[in-house]
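> Take a look and give me a structure for this.
(chains A and B)
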Amino acid sequence: MDKKKKQLKRKVMIAAACAGVLVVLALLSGVIAPNDPYATNAALIRKGPSAAYLFGTDNLGRCVLSRVLVGARTTIAATFILVAISFVIGILVGMLCGFYGGIVDEVMMRIADLMLAFPQMVVAIAVAGILGGGLGGAMIALGITMWTSFARLARSHTLSIKNEPYIQAARLLGKSGPRILLIHIMPNILEPVLINALTQIGTTMIGISGLSFLGLGVVAPQAEWGSMINEARAYIQIAPWAVLFPAAATVITIIVFNYLGDAVMEYRKADQ
Amino acid sequence: MKKQIIKRIIELIIILIVLSFLTFLLMYLAPGDPAEKRLSSQGVAVTKEVLQAEQERMGLLRPFFVRYGEWFTGILRGDFGVSFKDDMPVSPKLVSGLKNTSILALASLILSLLVSVPLGILSAVKQNSILDHIVRILSFIGNALPNFLISVLLMYFFCIRLNLFPVVATGSVQGLCLPALSLAIPMAGRFTRQIRTETMEQLRQDYVTGLRVRGVREKDILIHNVFRNASGHIFTIVALQIGILMGGSVVIETIFRWPGIGKLVMDSINARDYPTIMGFVLIMGTIYVIINFLSDVLYHVLDPRV
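Coordinates of the predicted model:
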């Protein structure tokens, strides 16, 4: 058993390290990018990979490598911000509903049920389309349904601990509701909700790139993997590298974050 | 049981009504004026008078609840209103789009189940074998592939490199292959993982040990008992994927120009054709809710213990 746990822990560490490298690459993309990702060059249109342009150039002569790197920042940052906002809203709503119950709980949970009645990507496409594109619009569109899973999880965990002796003790000491929520309940329900957040990263990334691919996410010329693939697929015959490199980047990033989520979940399961 | 189902059906109807209201509200609150968009796309100089006349004609100036009521009663009669883009009725477009989308969705579902059911069961039976590892890695990768990416890659290799399929899938059987495959690959990845887990769960049950002790052949246990017991879950697993499949089909249809409801909605989004978008959201939401309801009921029917 102990050996297995050690193995799982190693798995988590490796996945976390890979994810960390990706995040650092994305953060430093402005510095490491060998060329200006937005500089067009008529003399260098659709050139194959070379020493100066490792991933080649696209049909405006822009450096694909630099765009992939800067695109990483767009995709990863948008994903993290969206997951973080959904997480915060979800955990607050869930804790309040679970702790106080009553009519607010009833109403919020009905709203959450309703959100679950809509297929997420269908809503996202309609909302992002109506909001008229833009990364912010795409994030709102995905976020509308996303917070519900966090809220439900936080609520059920709050319900399961709210009658524990230590919470009752805190109440008897005369601590106020918000104080109990923040100091006693939140730390205890944080872990499962955080793990849920981790497992959502991959899907969210697919969602954001998917919307950008459809032209409902980032606005050109901003570099983002989904929109890069969409732009370059028109001339994939002549310059496949302009599609294949952002595609590879997308797949690798999603695999790393999915793997991390799986590994953490397995580790936690073995813990129990 | 009967009482429960009736209760669920009433709930379902309420959810659908709220769904229609929210859909309408969303389009009502949407920024941008469809009348202005229409006029400018026709190349008309948008003056105040022209705009107002057009808004009047499109019925945009009436109160919210009047418009919602009219739209809703229309839908009950199967009339989704008139397109803002070309003044044609929306319903026939939605119906023909839905037909093509259903063909695509069914094809991809069958395709992915054909692969994932045997693979999932096999890798659960031969747990930790080489086959199991390969299946797990493949399904993990499949699950991580966004379908827009798969379709672009498939298109590149099969249409351009190998020249096996037409690039534009205009509703033919041959044209169906790549779009269906693009939808099926990530789905097969998820199905395989879930079916594997479910089969392993079943294999751990006491009844399997009991059957083995009685000398029933492993193959018979798998087919007659394990698979039967797991099949209820398989339907639930499929139902849970429907939402993802719907979103995915919008992307895939747009790429392959498959004349389904997803391509229709993308064209409508670009033209701010609200009646079509509303119809799309409402139809997809309704199908989604009903399938989830049916999967719940079927789950109870297939497994009377719950």
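> Can you name the residues of the stretch 1-150 of chain A that neighbour chain B?
Within the stretch 1-150 of chain A, the positions adjacent to chain B are A:113-114, A:117-127, A:129-132 by CB under 8 Å from any CB of the partner chain. Every C-beta, even on glycine, is put in place using the N, C-alpha and C of the backbone.
> Please repeat the previous calculation with a cut-off of 7 Å.
Proximity of the stretch 1-150 of chain A to chain B is confined to A:114, A:117-122, A:125-127, A:129-130, A:132 under the rule CB under 7 Å from any CB of the partner chain.
> Now restrict those to buried residues only.
Neighbour counting by 16 or more other CB atoms under 10 Å in any protein chain shown classes A:114, A:117-122, A:125-127, A:129-130 among the residues of the stretch 1-150 of chain A next to chain B as buried.
> Among those residues, which lie within helices?
Among those, the residues falling in helices (DSSP state H) are A:114, A:117, A:120-122, A:125-127, A:129-130.
> How about the stretch 151-300 of chain B: which residue is closest to chain A?
Using CB to the nearest CB, B:G247 is the residue of the stretch 151-300 of chain B that sits closest to chain A, at 2.1 Å.
> what's around that residue, how many residues?
Counted with other CB atoms under 10 Å in any protein chain shown, residues neighbouring B:G247 total 24.
> And the one 4 residues further on, by the same measure?
Here the count is done by other CB under 10 Å, and B:V251 has 27 residues near it.
> which stretches of the stretch 151-300 of chain B form helices?
For the stretch 151-300 of chain B, the helices defined by DSSP state H, counting those that start in this stretch occupy B:173-203, B:206-213, B:218-220, B:227-256, B:261-271, B:274-302.
> In space, what's closest to the residue in the stretch 1-150 of chain A that chain B sits nearest to - neighbours in sequence excluded?
At 2.1 Å from chain B, A:M121 is the closest residue in the stretch 1-150 of chain A, using CB to the nearest CB. When the adjacent residues along the chain are set aside, A:M121 lies closest to B:G247, with 2.1 Å between them (CB to CB, 6 or more residues apart in numbering or on different chains).
> again with B:V251
Using CB to CB, 6+ apart, the nearest residue to B:V251 is B:F148, at 4.8 Å.
> A:M265 too?
A:I195 (6.1 Å).
> so which one among the residues of the stretch 1-150 of chain A next to chain B has the lowest pLDDT?
pLDDT across the residues of the stretch 1-150 of chain A next to chain B is lowest for A:A117, at 73.
> Now do the same contact list for that one.
Taking CB atoms under 7 Å, 6 or more residues apart in numbering or on different chains, we find A:A117 in contact with B:15, B:19, B:285, B:289.
> Top of those residues by number of neighbours, please.
Greatest neighbour count in the contacts of A:A117, by other CB under 10 Å, goes to B:G285: 25 neighbours.
> For the residue lying closest to B:L282 once chain neighbours are set aside, give me its contacts.
Spatial nearest neighbour of B:L282, chain neighbours left out: B:T23 (5.2 Å); criterion: CB to CB, 6+ apart. Going by CB under 7 Å, 6+ apart, B:T23 touches B:278, B:281-282.
> Report the distance from the longest helix along chain A to the chain centre.
For chain A, the helix with the greatest residue count under DSSP H is helix A:64-100. Distance of helix A:64-100 from its chain centroid, counting by CA atoms, centre = their mean, to the nearest Å, is 5 Å.
> again with stretch B:204-221
38 Å.
> now do stretch B:68-88
Distance of stretch B:68-88 from its chain centroid, counting by CA atoms, centre = their mean, is 23 Å.
> how about it: buried residues?
In stretch B:68-88, counting by 16+ other CB under 10 Å, buried: B:68, B:71, B:74-75, B:80-85.
> wait, doesn't B:L16 sit right on B:I287?
No - counting by CB atoms under 7 Å, B:L16 does not reach B:I287; the two are 10.9 Å apart.
> Name the residue in these two with the higher neighbour count.
The neighbour comparison of B:L16 against B:I287 (other CB under 10 Å) goes to B:I287, with 19 against 16.
> who's in contact with the more buried one?
Contacts of B:I287 (CB under 7 Å, 6+ apart): none.
> do that again at 8 Å, thanks
Neighbouring residues of B:I287 by CB atoms under 8 Å, 6 or more residues apart in numbering or on different chains: B:242, B:246.
> and if you look at the one 4 residues further on?
Applying CB under 8 Å, 6+ apart to B:I291 gives the contacts B:239, B:242.
> Get me the contact residues on the stretch 151-272 of chain A for chain B.
A:202, A:206, A:209-210, A:213-214, A:216, A:226, A:229-230, A:233, A:236-237, A:240, A:243, A:247, A:250-251, A:254-255, A:258-259, A:262.
> got any ranges where the stretch 1-150 of chain A has weak pLDDT?
A:1, A:44, A:51-52 (pLDDT under 70).
> and the stretch 151-300 of chain B, which residues reach chain A?
Near chain A, when you scan the stretch 151-300 of chain B using CB under 8 Å from any CB, you find B:152-153, B:155-156, B:160, B:242-244, B:246-248, B:250-251, B:254-255, B:265-266, B:269, B:277, B:280-281, B:284-285, B:288-289.
> Show me the helices in the stretch 101-250 of chain A, by range?
Using DSSP H, counting those that start in this stretch, helices in the stretch 101-250 of chain A cover A:102-117, A:120-131, A:135-161, A:165-172, A:177-180, A:186-213, A:225-232, A:241-271.
> what do you get for the stretch 1-150 of chain B?
Under DSSP H, counting those that start in this stretch, the stretch 1-150 of chain B gives helices at B:2-29, B:34-41, B:48-58, B:64-76, B:90-125, B:130-144, B:147-154.
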